[in-house]
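>>> give me the fold of what follows.
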Amino acid sequence: MKYPLIRSRLLRIWRESKQKNADPVDAWKSIVNDKEKSREYKKVRGLGGMVRADWEEVNEIIAASNIYTAKTYGPDRVVGFSPIPAMSMVSYAAGSRYLSLIGGTCLSFYDWYCDLPPSSPQVWGEQTDVPESADWYNSSYIMAWGSNVPQTRTPDAHFFTETRYSGTKTIAVTPDFSEVAKLSDEWMAPTQGTDALAMTMGHVILKEYHLDNKSDYFTSYIKQYTDMPFLVILAEKNDILSPTRTLRASDIKNTLGEKDNTEWKPLLIDENTNEIVIPTGTIGSRWDGSGKWNIESKNVKSGEDISPKTTLKNDNDGIVSVGFPYFNNKQHDQEIFTNTDHDAILQRNVPIKKVTLADGKEVKVATVFDLMMANYSVDQGLGGKCCQFFLMTMFLIRLLGMKK
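Next up, the predicted model:
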């Protein structure tokens with residue numbers, strides 16, 4: 001890059017602040033602590049307005065913002081990523097080393113250029129162990145979401161267009177009319193900064209295939225291959241019960257008979273025995289030398305078949321109200337999308353079990369499945385506030401930017 005680009009409003013505000021504050025850190029502090037100044041440049045994110053700047057000035061802004069953030073909130077609140085090693089080992093090492101030295105957080109570089117699935121390495125620890133682009137020929141429906149194929153996957157772009165000759169339908173999900181949008185059969189343009197489209201799809205899938213019309217195929221899949229049955233500890237903070245982390249073998253007395261990597265072995269309930277067990281295939285089993293790291297529905301201790309319990313709806317120790325964050329209320333107002341008059345924390349009813357830990361403390365736990373159903377506002381008949389599907393769908397459509 002011959003010269004850096006910066007949002008024009010931010011650059012103007014920065015220069016004005018520098019005239020009043022000799023210390024760059026104080027100049028940045030005066031910007032982020034002023035709601036009007038901060039809002040002025042943040043509200044136009046995703047709308048362009050970038051201008052040229054010189055390296056010295058941009059580096060000063062970056063340094064000042066990093067120092068202020070680290071001093072105020074801690075170095076782990078400084079988050080960034082570098083180009084992929086395959087592009088430039090020097091550039092990759094420079095960025096990663098900088099973040100590591102200051103105690104910052106390194107993101108996946110996939111999050112930057114969006115041409116490969118970031119969830120793949122983050123979940124499985126493997127770099128894009130997915131089908132090649134030629135496999136698109138075997139698809140009947142393709143959604144290009146988070147990937148501008150002609151630009152970031154130029155060598156593979158022809159597969160995306162040629163598969164349409166065999167009847168494959170292609171959908172582009174992107175706020176702007178990008179290169180991939182013009183190559184697709186349909187273009188969906190959700191407002192930037194919103195997750196309404198994804199949440200709507202998730203709600204439909206959970207309600208129609210995991211509640212109203214359960215599918216044996218989907219049910220068996222989530223039991224064996226996802227974290228849906230695993231138990232999550234609920235803890236109270238500011239008088240609100242919230243999900244924290246998974247319940248682990250290391251939390252239980254005698255660690256359920258396991259000795260190695262117990263803090264890396266999450267727990268679930270076996271429907272056959274109604275007991276808490278460790279399934280095979282957890283990351284703890286992967287590295288304990290037992291050879292029981294295959295993802296199978298088996299008890300890691302006995303080797304017996306298990307049936308992981310995904311919901312505690314019909315067998316629980318009570319129904320409790322759990323808080324979930326909501327970022328589209330007036331407290332987080334942005335002009336680019338319509339806000340709603342809801343609290344920043346939404347309360348949803350969730351079935352729980354009570355578990356006694358090794359230290360004698362009793363905690364409440366819920367399955368990932370039940371927490372996800374609650375977070376998606378799918379009504380499982382547990383009472384409390386829960387959006388009706390039709391009203392929720394109409395509400396989410398408004399967030400897509402289809403304003404009157």
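
>>> pretty sure I319 contacts I352?
Yes - if you go by C-beta atoms under 8 Å, I319 and I352 touch, sitting 7.4 Å apart. Every C-beta, even on glycine, is put in place using the N, C-alpha and C of the backbone.

>>> sketch out the helices for the stretch 251-400 of the chain, chain order is fine.
283-286, 368-375, 389-399 (DSSP state H, counting those that start in this stretch).

>>> so where's the stretch 101-250 of the chain uncertain?
Within the stretch 101-250 of the chain, the ranges that satisfy pLDDT under 70 run 108-131, 193.

>>> one more time with 80
In the predicted model of the stretch 101-250 of the chain, residues 107-132, 146, 152-153, 191-196 satisfy pLDDT under 80.

>>> tell me how many other residues crowd R248.
Neighbourhood size, R248 [other C-beta atoms under 10 Å]: 22.

>>> do you know how far it is from H210?
Plainly put, R248 is 26 Å away from H210 if you go by C-beta to C-beta, to the nearest Å.

>>> with N316 instead?
N316 sits 18 Å away from H210, going by C-beta to C-beta.

>>> A helix includes D135, no?
Yes - counting by DSSP: H, G, I helix; E, B strand; the rest coil, D135 falls inside a helix.

>>> could you say which helix or strand holds D227?
If you go by DSSP states H and E, D227 is not part of any helix or strand.

>>> how many other residues sit next to it?
Using other C-beta under 10 Å, D227 has 16 neighbouring residues.

>>> residues contacting it?
T246, P266, V368 (C-beta atoms under 8 Å, 6 or more residues apart in numbering).

>>> contacting residues for the first one?
The reference is to T246. If you count contacts by C-beta under 8 Å, 6+ apart, then T246 has D227, F230, L231, V232, I233, P266, L267 around it.

>>> and it, what are its phi and psi?
The phi and psi torsions at T246 (degrees, to the nearest 10) take the values phi -70, psi 150.

>>> how about it: what's its closest non-neighbour residue?
What sits nearest to T246 in space, not counting adjacent residues and going by C-beta to C-beta, 6 or more residues apart in numbering, is P266, at 4.1 Å.

>>> that neighbour touches V232, doesn't it?
No - counting by C-beta under 8 Å, P266 stays clear of V232, with 9.0 Å between them.

>>> determine the residues that are contacts of both of the two.
Common neighbours of P266 and V232, counting by C-beta under 8 Å, 6+ apart, are T246, L247.

>>> touching, N375 and V350? I think so.
No - checked against C-beta under 8 Å, the pair N375 and V350 is beyond contact range at 9.5 Å.

>>> out of those two, which sits in the busier spot?
V350 (30 against 19).

>>> specify the beta-bridge partners of the more buried one.
Beta bridges link V350 to V320, judged by DSSP bridges.

>>> next one: it relative to L241, how far apart?
Distance from V350 to L241, by C-beta to C-beta: 8 Å.

>>> now do the shared contacts for these two.
Looking at what touches both V350 and L241 (by C-beta under 8 Å, 6+ apart), the common residues are L234, V320, S321, V322.

>>> so which of those is the most crowded?
In terms of neighbours by other C-beta under 10 Å, the shared contacts of V350 and L241 top out with V322 at 25 neighbours.

>>> what is the burial count for the closest residue to C386 other than its chain neighbours?
Leaving out its chain neighbours, the residue that sits closest to C386 by C-beta to C-beta, 6+ apart is D379, at 4.2 Å. By other C-beta under 10 Å, the residues close to D379 number 19.

>>> one more: the one 4 residues further on?
When counting by other C-beta under 10 Å, one arrives at 10 neighbours for G383.

>>> for the stretch 51-200 of the chain, what spans make up the strands?
Here the stretch 51-200 of the chain has its strands, by DSSP state E, counting those that start in this stretch, at 79-80, 105-106, 141-145, 169-173, 186-188.

>>> for those, which one sits closest to R52?
Comparing the strands of the stretch 51-200 of the chain by their distance to R52 (C-beta to C-beta), the top pick is strand 79-80, with 22.1 Å.

>>> so what strands line up beside the closest one?
Note on strand 79-80: by DSSP bridges, its sheet partners are strand 105-106 (parallel).

>>> now the partner strand, how far from the chain's geometric center?
Distance of strand 105-106 from its chain centroid, counting by C-alpha atoms, centre = their mean, to the nearest Å, is 15 Å.

>>> now do stretch 284-294
27 Å.

>>> what about it, start to end distance?
Its start and end residues considered, stretch 284-294 measures 12 Å (C-alpha to C-alpha, to the nearest Å).
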